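Trainee: Return atomic coordinates for the entry below.
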Amino acid sequence: MSLPPLRALRELRRLAERTPEHRDRHVDLLRAIAITAVVVGHWLAVHVTYDGGLRGGNVLELVPWTRALTWLFQVMPIFFLVGGYANAASLAAHRERGGDAPAWALRRTDRLVRPTTALMVVLAGAALLARAAGADPELVGTGVWLAGIPLWFLVAYLAVVVLTPPMHALHRRYGLAVPITLTVLVGLGDVARLASPVPEVGEANFLFAWLAIHQLGFAWQDGRLPPRPRIGLPLATAGLVVLVVLTMPGPYPISMVGLAGQEIQNTSPPTLALLALAVTQTGLALACHDVACRWLRRLRPWTVVVTVNSVIMTLFLWHMTAVVLGALALYPTGLLPDPPPVTPLWLLLRVPWLVVLALVLGVLVAVFGPVERRSGPRPGPGAAVGVAAGGLTFLGTAGVLAGLLGVAIAGPGNHGLAGLPTAALIVYLAGAGILRFTRWRWRSS
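Mentor: Sure thing, here's the model as predicted:
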């Protein structure tokens, strides 16, 4: 059972007070900042109109000058960076206790799969209810697609988490040569994509680019990238110079978010320009480390960071659902007008728009946050799962990834009674069920 709100807050404060001295609090701060920036950036980029039916658009497409702002709001590289740090630290501690790679993956994926399953089940259930009530199937499909946009990110992140054991082994042997090699592969993919009329060329960059950033987190964790201004500032400067060269006179667009109609998009798949932004952000993160850690020794800001991190996946997964619910509440009812984007009135109305979405997301987090906080079944520290459980872990993870990928690439539209592609939903739920069963058997054995 979940804790009442006040009791939960007291528990989080006590957790903050008991934080070990050796914990790098700056990593947690960066994770919280990254997800908050993504949420606010998505909310600001959405442009909703109502003319008897809800319509949606992207402000970045309508107002070109806003595209430069994506250099500030595209902070997913930071999430992969701190993810690499945390995964490396977790895996190293697990290995020291005698654990194996499948056991680590089984434990590590629980925090990702559990809240994601809640989102998928609720979206499918809501779509079924809406269809039964006579809602337009296309509108239902579009709403489910919009609410499920965060699943794109989860496909990539879950993949790098699962690949952490072999990639960390490569890091221990070759160090920074690994992300450099991956960057070269991204560059080759970009060249092939620019030279080929086939759009699928370069799709491997979805994996190579995010793995490269994840490897930088490994290097931070073991000290190969020391968190010092003398390292971070030159790194940030170099990344920024390369980013400007690649986007101003170069072949890459300024926007760090994919836009319809662009021949090259910096996130679909990731490009060298996005990696240059990642290097810039990594440098800034390293340079600010000591100052941030001193500030986070204060209990109040550290408690806020602990609280946000306790529901970090819930915030991310449900923030576009808040957009769907907020739009339905504000526009068909006439509570919020829809003037042309970036007019003075439109800018003024961004404030109540953000406030309403924040309130809606707060309710969603209150309802579904306990799903993320609830720890899954697990055995004693460091246990190995054995061959059979290892095979089930691989099978379950493959099913989850395949299902998420099927949902992510489907796009808006009528994909079935549940609003999601039926086959992809079944495969995902089967994979999640296998992982849950394996965790239960692991603990009871």
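Trainee: what's the pLDDT at residue 68?
Mentor: Looking at residue 68, its pLDDT reads 90.
Trainee: for the one 4 residues further on, same thing?
Mentor: In this model, residue 72 is scored at 90, pLDDT.
Trainee: Could you list every helix and strand in contact with the strand or helix carrying it?
Mentor: Per DSSP states H and E: residue 72 is located in helix 70-73. The helices and strands touching helix 70-73, judged by 3 or more CB pairs under 8 Å, 6 or more residues apart in numbering; DSSP states H and E, are helix 25-45. Bear in mind the C-beta positions are built from the backbone N, C-alpha and C, glycine included.
Trainee: Would you agree residue 28 is in contact with residue 306?
Mentor: Yes: the pair residue 28 / residue 306 is scored as a contact, 7.2 Å apart, by CB atoms under 8 Å.
Trainee: Grab the nearest non-local neighbour of residue 373.
Mentor: For residue 373, ignoring the flanking residues on the chain, the nearest one in space by CB to CB, 6 or more residues apart in numbering is residue 310 at 5.7 Å.
Trainee: Equivalent analysis for residue 309, please.
Mentor: Nearest to residue 309 is residue 28, by CB to CB, 6+ apart, at 5.2 Å.
Trainee: Enumerate every residue touching that neighbour.
Mentor: Counting by CB atoms under 8 Å, 6 or more residues apart in numbering, residue 28 makes contact with 82, 305-306, 309.
Trainee: just to revisit the earlier point, mutual contacts of residue 28 and residue 306, please.
Mentor: Counting by CB under 8 Å, 6+ apart, no residue touches both residue 28 and residue 306.
Trainee: low-scoring stretches of the stretch 151-300 of the chain, by residue?
Mentor: Applying pLDDT under 70 to the stretch 151-300 of the chain flags residues 197-201.
Trainee: Tell me if I'm right that residue 374 and residue 118 touch.
Mentor: No: look at residue 374 against residue 118 with CB under 8 Å: they stay out of range, at 10.5 Å.
Trainee: The two - which one has more neighbours?
Mentor: Using other CB atoms under 10 Å as the criterion, residue 374 and residue 118 rank with residue 118 on top: 19 against 13.
Trainee: How about the more buried one, nearest residue that isn't a chain neighbour?
Mentor: Per CB to CB, 6+ apart, closest to residue 118 is residue 371, 4.8 Å.
Trainee: quick one: what helix or strand has the one you found in it?
Mentor: Using DSSP H and E, residue 371 sits within helix 344-373.
Trainee: What is that helix packed up against?
Mentor: Here helix 344-373 touches helix 25-45, helix 110-132, helix 299-310, helix 312-330, going by 3+ CB pairs under 8 Å, 6+ apart.
Trainee: Generate a markdown table for the ones you listed, with distance to residue 195 as supplementary columns.
Mentor: Shown next, in a markdown table, are the helices and strands packed on helix 344-373 (distance: least, CB to CB, whole Å):
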| stretch | distance to residue 195 |
| --- | --- |
| helix 25-45 | 31 |
| helix 110-132 | 36 |
| helix 299-310 | 43 |
| helix 312-330 | 35 |
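Trainee: Which neighbouring elements make contact with the host helix or strand of residue 232?
Mentor: In this assignment (DSSP H and E), residue 232 forms part of helix 229-247. Of the remaining helices and strands, those touching helix 229-247 by 3+ CB pairs under 8 Å, 6+ apart are helix 272-287.
Trainee: So residue 367 versus residue 439, what's the distance?
Mentor: To residue 439, residue 367 is 24 Å away according to CB to CB, to the nearest Å.
Trainee: These two: which has the busier surroundings?
Mentor: More crowded of residue 367 and residue 439, by other CB under 10 Å: residue 439, with 24 against 14.
Trainee: Let me know whether that one touches residue 108 as I believe.
Mentor: No: in this structure residue 439 lies outside contact range of residue 108 using CB under 8 Å: 11.5 Å.
Trainee: who's in contact with the most centrally placed residue in the chain?
Mentor: Nearest to the mean C-alpha position of the chain, counting by CA atoms, centre = their mean, stands residue 153 at 4.7 Å. Contacts for residue 153 (CB under 8 Å, 6+ apart) come out as 76, 316.
Trainee: any idea which helix or strand comes after the helix or strand it falls within?
Mentor: Assigned by DSSP H and E, residue 153 belongs to helix 151-162. Next helix or strand after helix 151-162 toward the C-terminus (DSSP H and E): helix 164-174.
Trainee: same for that following helix, what does it pack against?
Mentor: Using 3+ CB pairs under 8 Å, 6+ apart as the contact test, the elements touching helix 164-174 are helix 76-96, helix 101-108, helix 177-195, helix 205-221.
Trainee: quick one: contacts of it?
Mentor: With CB under 8 Å, 6+ apart as the test, helix 164-174 has contacts from 87-88, 91-92, 101, 104-105, 108, 160, 178, 211, 214-215, 218-219, 222.
Trainee: ok so, going back, if you compare the directions of the helix holding residue 371 and helix 110-132, what angle comes out?
Mentor: 120 degrees (axes from the mean of the first three to the mean of the last three CA atoms, to 10 degrees).
Trainee: Show me what whichever helix or strand comes after helix 344-373 packs onto, helices and strands only.
Mentor: As assigned by DSSP H and E, the chain's next helix or strand after helix 344-373 is helix 386-410. Here helix 386-410 touches helix 101-108, helix 110-132, helix 151-162, helix 422-444, going by 3+ CB pairs under 8 Å, 6+ apart.
Trainee: Next, the buried residues of stretch 98-113.
Mentor: Buried positions in stretch 98-113, judged by neighbour count with 16 or more other CB atoms under 10 Å: 99-113.
Trainee: Distance of residue 351 relative to residue 336?
Mentor: 11 Å.
Trainee: oh sorry, the question was meant for residue 16
Mentor: 37 Å.
Trainee: mind checking how far stretch 219-231 is from the chain centre?
Mentor: Here stretch 219-231 is found 24 Å from its chain centre; the criterion is CA atoms, centre = their mean, to the nearest Å.
Trainee: buried residues in it?
Mentor: Applying 16+ other CB under 10 Å to stretch 219-231 flags 219-221, 225, 227, 231 as buried.
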